[in-house]
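Student: here is a sequence with its predicted model. Questions after.
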Amino acid sequence: MKLKKNNMLSERINDIDHEIEEIIFRLKPTEDRLQLLKQISKDFREKRRVTDYQIDHVFPQDVAKKSHPHWTPSEVATRALELLDTNDKSNVLDVGSGCGKFCIIAGLYSKGNFVGIEHRKHLFDIAQQIANDFQVTNVSFVHGDLRNIDWTIYNCFYLFNPFYENVMGPSFWIDDTLPINEDLFETYVKSVIDKLKTVKIGTRVVTYHGFGGNFPPDFICMIKEFIWSGPLELWVKVHPDQILQN
Ligand SMILES: C[S@@+](CC[C@H](N)C(=O)[O-])C[C@H]1O[C@@H](n2cnc3c(N)ncnc32)[C@H](O)[C@@H]1O
């Protein structure tokens, strides 16, 4: 009960924060889009804070409007990247990349190769366009279903509760361009679990608000923290001997 109250309070504080950011942004003289892209890019690369209002502003308005609750908040993205601890050798898959917000932040903020898979074609197109606008070279997108690609080539994964809309009413849906239903939720979650069974030991997985299922037993939760509206978790795949020791 107390936790629920704290979560509600934290969500309300985030909303107020967002409203303040929006007012500050509106009061500033209008920068042109190129200038804004350059500034955001510089700030992420130099590890300065970029607000959601700033980054969401570079996306088409109808997509930006869906930022809360569908796209990863800027502060959550940078913390998730710290947990993934990426370097030049990291190959990261964002499972359900939406408009590309997480991958684009990742490409600007961290080292590594970032790939987003997204089954909505129009979001995939936007992600490619915005990545191109930012001229990020370590980010790419695939249009398709997460079930149809090889997960074994990646050593890091990020999942922001990708299937949740399947168990929610239409007011929560991103849109109705693809089928949405509870059976699909079960199918996608099962597929993630099966895919995670195929990845290498040492693979790091960060979830925000979980992914709807339980990790296979050879994954250990190393870190769990509460940020913005929910839990951010780091899971690492370990050798079976290490599970017995724990
Ligand atoms: C909550 S959004 C997260 C977007 C992005 N990862 C971010 O953090 O900003 C989840 C995305 O997963 C996509 N998605 C859901 N099921 C999928 C599937 N089976 N294959 C590919 N993409 C999927 C949805 O279309 C949606 O854009």
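Tutor: That came in fine, so what should we check first?
Student: residue 230 - nearest residue in space that isn't next to it in sequence?
Tutor: Once flanking residues are discounted, residue 230 sits nearest to residue 209: 4.3 Å by CB to CB, 6 or more residues apart in numbering. Quick note: C-beta positions are derived from backbone N, CA and C, even for glycine.
Student: what about the closest residue to residue 219 other than its chain neighbours, which helix or strand?
Tutor: Nearest residue to residue 219 in three dimensions, chain neighbours excluded: residue 235, at 4.6 Å (CB to CB, 6+ apart). Taking DSSP states H and E as the definition, residue 235 sits inside strand 230-237.
Student: per-residue confidence for the residue of the chain found nearest the ligand?
Tutor: With CB to the nearest ligand atom, the shortest gap between the chain and the ligand falls at residue 96, namely 2.1 Å. Listed pLDDT for residue 96 reads 98.
Student: ok, the closest residue to it other than its chain neighbours - contacts?
Tutor: Of all residues not flanking residue 96 in the chain, residue 162 sits nearest, at 3.2 Å (CB to CB, 6+ apart). Going by CB atoms under 8 Å, 6 or more residues apart in numbering, residue 162 touches 95-96, 146, 188, 211.
Student: the same query, at a cut-off of 7 Å, please.
Tutor: 95-96, 211 (CB atoms under 7 Å, 6 or more residues apart in numbering).
Student: tabulate those (TSV), appending neighbour count.
Tutor: Formatted as TSV, the contacts of residue 162 follow (neighbours: other CB atoms under 10 Å):
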residue	neighbour count
95	25
96	25
211	24
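Student: and which of those residues is nearest to residue 130?
Tutor: Nearest to residue 130, judged by CB to CB, of those is residue 96 at 16.6 Å.
Student: was I right about the closest one contacting residue 118?
Tutor: Yes: Residue 96 lies in contact with residue 118 (CB atoms under 7 Å); the separation is 6.4 Å.
Student: need the residues that contact the strand holding residue 235.
Tutor: Residues contacting strand 230-237 (CB under 7 Å, 6+ apart): 76, 79-80, 83, 199, 201-209, 215, 218-225.
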